[in-house]
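1. just coords:
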């Protein structure tokens, strides 16, 4: 399907070119160059583009994952936002996927390297870095989710650094982080 688009449980919006197939009682889907977007209005968003995608759905259960894409984000006050890796996972209540499950549609395959537990809703960002309004630099691993019309980010072991030139700096390391 060219130009596929869907919203997943008020969590992320998906778009891209995806192949579908029926396997037993389940629908499977795989794709590459797929985009997952978590947006709160037009001014705040977190996006994984050009990602690999896998989905299993059936009997009211849905599980999906996106990985290996390019990260971008627009969050008021944060500049130069980057990340090393992003993983988007969703599994409805009662749905789970075992580690090393491979889905194939035509010549395209997707492997869920790690398992996904039922009830998972996660956008994990590893190696997140951002400049906060030219004031402080943040780095660490964060998780993002949408709550109503807000995007919420949380993190553990986050570092915040304030530097004045090359000779003076203050750093807070291993901090808990929250953003709404």
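-> Done, it's in. Owing to the predicted nature of the structure, the values given are computational and were not obtained by experimental measurement.
2. helix/strand/coil for the residue lying closest to residue 1 once chain neighbours are set aside?
-> Leaving aside its sequence neighbours, residue 1 sits nearest to residue 18 (CB to CB, 6 or more residues apart in numbering; 5.5 Å). To be clear about C-beta, it is placed using only N, CA and C from the backbone, and glycine gets the same treatment. Here residue 18 is recorded as strand under DSSP: H, G, I helix; E, B strand; the rest coil.
3. what's the pLDDT at the closest residue to residue 101 other than its chain neighbours?
-> Leaving aside its chain neighbours, residue 101 sits nearest to residue 112 (4.7 Å; criterion: CB to CB, 6+ apart). As predicted, residue 112 sits at a pLDDT of 95.
4. residue 112 and residue 68, how far apart?
-> 13 Å (CB to CB, to the nearest Å).
5. quick one: which of those two has more around it?
-> Taking other CB atoms under 10 Å, residue 112 and residue 68 do not tie; residue 112 has more neighbours (20 against 13).
6. show me what contacts that one?
-> 54, 65, 97, 98, 99, 100, 101, 102, 103 (CB atoms under 8 Å, 6 or more residues apart in numbering).
7. show me what the third one is bridged to.
-> So the one you mean is residue 97. residue 116 (DSSP bridges).
8. what's the answer for the first one, then?
-> Going by DSSP bridges, residue 54 is paired in beta bridges with residue 30, residue 65.
9. that one reaches residue 87, doesn't it?
-> No: between residue 54 and residue 87 there is no contact, the gap being 12.0 Å when judged by CB atoms under 8 Å.
10. list the contacts of stretch 36-46.
-> Taking CB under 8 Å, 6+ apart as the rule, stretch 36-46 contacts 11-15, 47-48, 51, 66, 69, 71-76, 88, 123, 125, 144-146, 149-151.
11. what about it, start to end distance?
-> Here the two ends of stretch 36-46 are set 8 Å apart, with distance taken as CA to CA, to the nearest Å.
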